[in-house]
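Asks: Dropping the sequence and predicted coords here.
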Amino acid sequence: MKKLKVGVIGGTGMVGQRFVSLLAEHPWFDLTVIAASARSAGKTYEEAIGDRWNIDVPMPDMARSIIVKDATADKEAIAAEVDFVFSAVDMKKDEIQALEEAYAKLECPVVSNNSAHRWTPDVPMVVPEINPEHLAVIADQRKRLGTKRGFIAVKSNCSLQSYVPALHPLKDEFGLEKVLVCTYQAISGAGKTFESWPEMVDNVIPYIGGEEEKSEQEPLKLWGRVEDGVIKTAESPAITAQCLRVPCSNGHMAAVFCSFAKKPTQEEILARWADFKGRPQELELPSAPKQFLQYFEEDNRPQTRLDRMREGGMGVNIGRLRPDTQYDYKFVCLSHNTLRGAAGGAVLLAELLTAEGYFDR
Ligand SMILES: NC(=O)c1ccc[n+]([C@@H]2O[C@H](COP(=O)([O-])OP(=O)(O)OC[C@H]3O[C@@H](n4cnc5c(N)ncnc54)[C@H](OP(=O)(O)O)[C@@H]3O)[C@@H](O)[C@H]2O)c1
């Protein structure tokens, strides 16, 4: 298979750096363009990054000398050069919406890490193991945009990447009715390190702007259905969330309580988790974890530092399943927020789009 040429817009940011490191040796994708703001444009990637390389793997050598382009001013040239772009820009919501739509209208598909288009009704928001069938709405989006090839597809917020996958294989069979979740979220989710956010050392901040609404509402779009050219959101389960920022570098933990119409046994839940496979596993996509949901028997697992990198940071880790006094069950889950929850999840989505023919010319 001929490799697809790929650009990363917002490639100098924290999520952009993850994209660059994941794409440097990707078997299907060739990273040929990195773009960011006018501040970085015209510099080599290494110069533009300066002392801002913030992730735990070295900058790939192939990226160092790439000349950074201006994501806005150079968009025509970028769209003409690549087969699709990943978007990880941090701008105002309406600016991101306009920029991503401009690329799509230039016939350059956009796989976005941003929240700007998550609620655009004909933009699929996809966790590849959960709702790959939502990609069908791209045909309707292309009609609206007047494009042959261009479209926008997005991934969901990082906070829900651990608990929605754990609930998914139980939801329909046992009638998931009610979920309460508390998330304990790493500082890289705010694009920060302990050096750039010293207030987070030895501290917990009980507020992450907008995160609780996303944690409660986005699962209902993931569990929705394509109808009349848009995604209709699911009406249940009822979800309530509290999201806390905790002093961890990477890895979002969630404590989950849930109730069902037909209460399963503990053994049934463990069996559904062990057996669960999604479309990425069937298609053997390059970034797909072999065992997506991993249950740990030990009472003190999963742990952020020990377990976030399982399956290259693409697995979801679960533990401490037990009955609850108010809900049917409670358990904890963990996923890597900048891998599975951000750049890695978007790369997996792009692999799915490739395998399903959405980038064909
Ligand atoms: N961090 C996470 O775990 C995470 C998870 C999910 C979603 N997100 C979302 O992903 C996006 C990026 O997050 P981040 O943490 O990587 O942010 P970041 O580190 O602040 O990086 C922002 C990127 O956007 C670029 N940018 C800013 N203004 C621009 C403009 N006017 N035109 C073009 N490019 C511009 C920056 O370029 P310069 O370097 O040239 O300024 C940089 O490449 C945000 O929308 C964030 O909400 C982040």
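Replies: All right, it came through fine.

Asks: Now for the closest residue to the ligand within the chain: which residues touch it?
Replies: Residue nearest to the ligand within the chain (C-beta to the nearest ligand atom): Gly13, separated by 1.9 Å. Yep, even glycine has a C-beta here, placed from its N, CA and C like the rest. By C-beta atoms under 8 Å, 6 or more residues apart in numbering, the contact set of Gly13 is 36, 88-90, 191.

Asks: how does the chain divide into domains?
Replies: According to automatic domain parsing, the chain comprises the domains 4-157+343-355, 159-336.

Asks: Deepest-packed of the ones you listed, please.
Replies: domain 4-157+343-355 (a mean of 20; mean count of other C-beta atoms under 10 Å).

Asks: what's the straight distance from one end of it to the other?
Replies: Length of domain 4-157+343-355, first residue to last, C-alpha to C-alpha, to the nearest Å: 12 Å.

Asks: Quick check: bridge partners of Val256?
Replies: For Val256, the beta-bridge partners under DSSP bridges are Val181, Phe331.

Asks: Let me know whether it touches Ala166 as I believe.
Replies: Yes - counting by C-beta atoms under 8 Å, Ala166 is a contact partner of Val256 at 6.9 Å.

Asks: what sits in contact with each of those two?
Replies: 331, 333.

Asks: just so I have it, where are all the helices in the stretch 1-150 of the chain?
Replies: Along the stretch 1-150 of the chain, the segments classed as helices by DSSP state H, counting those that start in this stretch run 14-23, 45-49, 61-64, 75-81, 93-105, 138-145.

Asks: a markdown table for these, including mean pLDDT?
Replies: Shown next, in a markdown table, are the helices of the stretch 1-150 of the chain (pLDDT from 0 to 100):
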| stretch | mean pLDDT |
| --- | --- |
| helix 14-23 | 95 |
| helix 45-49 | 98 |
| helix 61-64 | 97 |
| helix 75-81 | 98 |
| helix 93-105 | 98 |
| helix 138-145 | 98 |
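
Asks: mind checking which of these is nearest Leu244?
Replies: Of all the helices of the stretch 1-150 of the chain, it is helix 14-23 that lies closest to Leu244, at 19.9 Å by C-beta to C-beta.

Asks: near the ligand, which residues of this structure show up?
Replies: With C-beta under 6 Å from any ligand atom as the criterion, the chain meets the ligand at residues 10-16, 36-37, 39-40, 71-72, 88-91, 113-114, 158, 188-189, 191, 337-338, 341-342.

Asks: if we go to 5 Å?
Replies: Residues of the chain lying close to the ligand (C-beta under 5 Å from any ligand atom) are 10, 12-16, 36-37, 39-40, 71, 88-91, 113-114, 158, 189, 191, 337-338, 342.

Asks: three-state assignment of Phe359?
Replies: Recorded secondary structure, Phe359: coil (DSSP: H, G, I helix; E, B strand; the rest coil).

Asks: That one reaches Glu351, doesn't it?
Replies: No - counting by C-beta under 8 Å, Phe359 stays clear of Glu351, with 10.3 Å between them.

Asks: give the contact list for the closest residue to Cys243 other than its chain neighbours.
Replies: Of all residues not flanking Cys243 in the chain, Glu211 sits nearest, at 4.0 Å (C-beta to C-beta, 6 or more residues apart in numbering). Shown in contact with Glu211 (C-beta under 8 Å, 6+ apart): 157, 159, 183, 185, 241, 243.

Asks: So which of the residues you listed belong to strands?
Replies: Cross-referencing the contacts of Glu211 against strands under DSSP state E gives 183, 185, 241, 243.

Asks: Identify, from the residues you listed, the entry nearest to Glu133.
Replies: Ala241 (25.6 Å).

Asks: do you know how far the spatially closest residue to that closest one that is not a sequence neighbour is from Tyr327?
Replies: Of all residues not flanking Ala241 in the chain, Ser215 sits nearest, at 3.8 Å (C-beta to C-beta, 6+ apart). Per C-beta to C-beta, to the nearest Å, Ser215 is found 17 Å from Tyr327.

Asks: rewinding a little: quick one: classify the residue nearest to Ala241 as helix, strand or coil.
Replies: helix.

Asks: Could you double-check that Phe19 sits in contact with Ala346?
Replies: Yes - counting by C-beta under 8 Å, Ala346 is a contact partner of Phe19 at 7.3 Å.

Asks: what touches both of the two?
Replies: By C-beta under 8 Å, 6+ apart, the residues touching both Phe19 and Ala346 are Phe86.

Asks: list the contacts for Val154?
Replies: Counting by C-beta under 8 Å, 6+ apart, Val154 touches 111-115, 117-118, 123-126.

Asks: For the nearest residue to it once chain neighbours are set aside, name its beta-bridge partners.
Replies: Closest residue to Val154 apart from its sequence neighbours, by C-beta to C-beta, 6+ apart: Ser112 at 4.6 Å. Note on Ser112: beta-bridge partners by DSSP bridges are Ser87, Val154.
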